[in-house]
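Chemist: Predicted coordinates and the sequence they were generated for:
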Amino acid sequence: MPAIGLLLLLITKSNWLVGDSEAEIMRQLQAKLASGGKNATYAVVGNAQTLLFMLALAAVLLGLFAAAYEIVKERPIYLRERMVNLRLVPYLFSKVSVLGAFALVQCMLLLLVVCLKVKMPADGVLMPAMLEMYLTLLIGAIASIMLGLLISALVPNTNTVIYAMLILLFLQIIFAGVVFDLPPAADRLSVLTLTRWTMEGLGVSANMEYLNSLTRTSFQPDPVTQVISYTVEKPAENWKPVEVVTVTETIPVTVQPGIVQTVPISVPKVIQHEMVTTTEVVTHSETITPELQVIYSKREFDIDYTRSARHLACDWLIMIIFGVASGVGTIIVLRSKDVR
């Protein structure tokens, strides 16, 4: 499990389970647009779901492969001891206790290694998020141990274990509701996979609803250029508001006492003209740059990540019931093989 955690560190980023602040999100979007892109999308929830799926799958496969050979490999010894005084419940408990202790340590190491790079959310719905995620992984691993013991009791020999495990492996991956969008019929089948319920528990603790709300797309619409034409009135080119002309006027002049004579003289005169207007069509182009647009869109999931204490408790309870049912099935199968 720690090795799986180290492999995950090669591809994960620190913000996958907590997201970024609003200011940082807008900075990233603007940086992408400034580099020449027409649009930019911020979506961390898909990566978060992939990371949680790998954690859930690792825990489930740990339990399955650890327990798949436990009964079938020692069947001759079991049958001999069973004929003497071996009881089924203590025998099954001995297997679960050892494998469960192994899973307890391995799940803890897996989370600790992932925490070296990935920031974990602080608060869960019942307790600190990391503790909730650890309990979810542990319960899922123990339930898968019980399922692995059931497979080990069912198969006729060790050679067929690997084929049964391959079928279970693909069931856990295909019908988990993460890799593929499940149609209604397949969605009903996914309730029989431990990865589905482990994923739900991890997603509730990691607050996938909040991470999904951070999803947004920013785009800068292209500038819009529009040609505008309008009619204006303006003075005619040959219109003059005022004009100065020279006119001849006669003025009386006394040339001798008692003799008055009129004399013509030239004087300037200002003539005002009424305005003469003409109409002209004026055309020019106007370029408008729209504001930056941000569209908030949430991703649709096949898995229910409703964040509530009741939902998380139900996920845990379903996995516990799954494990108990597998244990009961193992006892029934072993009892049916008793030598009469």
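Modeler: Arrived safely.

Chemist: Can you list the strands that the helix or strand hosting Glu286 pairs with?
Modeler: Using DSSP states H and E, Glu286 sits in strand 277-288. Here strand 277-288 has these sheet partners by DSSP bridges: strand 224-235 (antiparallel).

Chemist: Would you mind listing the outside residues contacting the partner strand?
Modeler: Strand 224-235 has contacts (C-beta atoms under 8 Å, 6 or more residues apart in numbering) with 275-288, 290. (Glycine included, C-beta is placed from N, CA and C.)

Chemist: mind running it again at 10 Å?
Modeler: 241, 275-290 (C-beta atoms under 10 Å, 6 or more residues apart in numbering).

Chemist: related to what we said a few turns ago, which residues are in contact with the strand holding Glu286?
Modeler: Taking C-beta under 10 Å, 6+ apart as the rule, strand 277-288 contacts 221, 223-237, 239.

Chemist: Mind listing what's buried along it?
Modeler: Neighbour counts over strand 277-288 (16 or more other C-beta atoms under 10 Å) mark no residue as buried.

Chemist: okay, that strand in PDB with CA atoms only?
Modeler: C-alpha atoms of strand 277-288 as PDB (Å, rounded to 0.1, in the frame of the first residue of the first chain):
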ATOM      1  CA  THR A 277     -27.900  74.400 -44.100                       C
ATOM      2  CA  THR A 278     -27.300  71.100 -45.900                       C
ATOM      3  CA  THR A 279     -27.600  67.500 -44.700                       C
ATOM      4  CA  GLU A 280     -24.800  65.000 -44.600                       C
ATOM      5  CA  VAL A 281     -24.700  61.300 -43.800                       C
ATOM      6  CA  VAL A 282     -21.900  60.500 -41.400                       C
ATOM      7  CA  THR A 283     -20.700  56.900 -41.100                       C
ATOM      8  CA  HIS A 284     -18.100  55.400 -38.600                       C
ATOM      9  CA  SER A 285     -17.400  52.100 -37.000                       C
ATOM     10  CA  GLU A 286     -17.700  51.400 -33.300                       C
ATOM     11  CA  THR A 287     -15.800  48.500 -31.600                       C
ATOM     12  CA  ILE A 288     -17.100  47.100 -28.300                       C
END
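
Chemist: Given the next helix or strand after it, what are its sheet partners and their directions?
Modeler: With elements assigned by DSSP H and E, the helix or strand that comes after strand 277-288 is strand 293-296. Using DSSP bridges, the strands paired with strand 293-296 are strand 216-219 (antiparallel).
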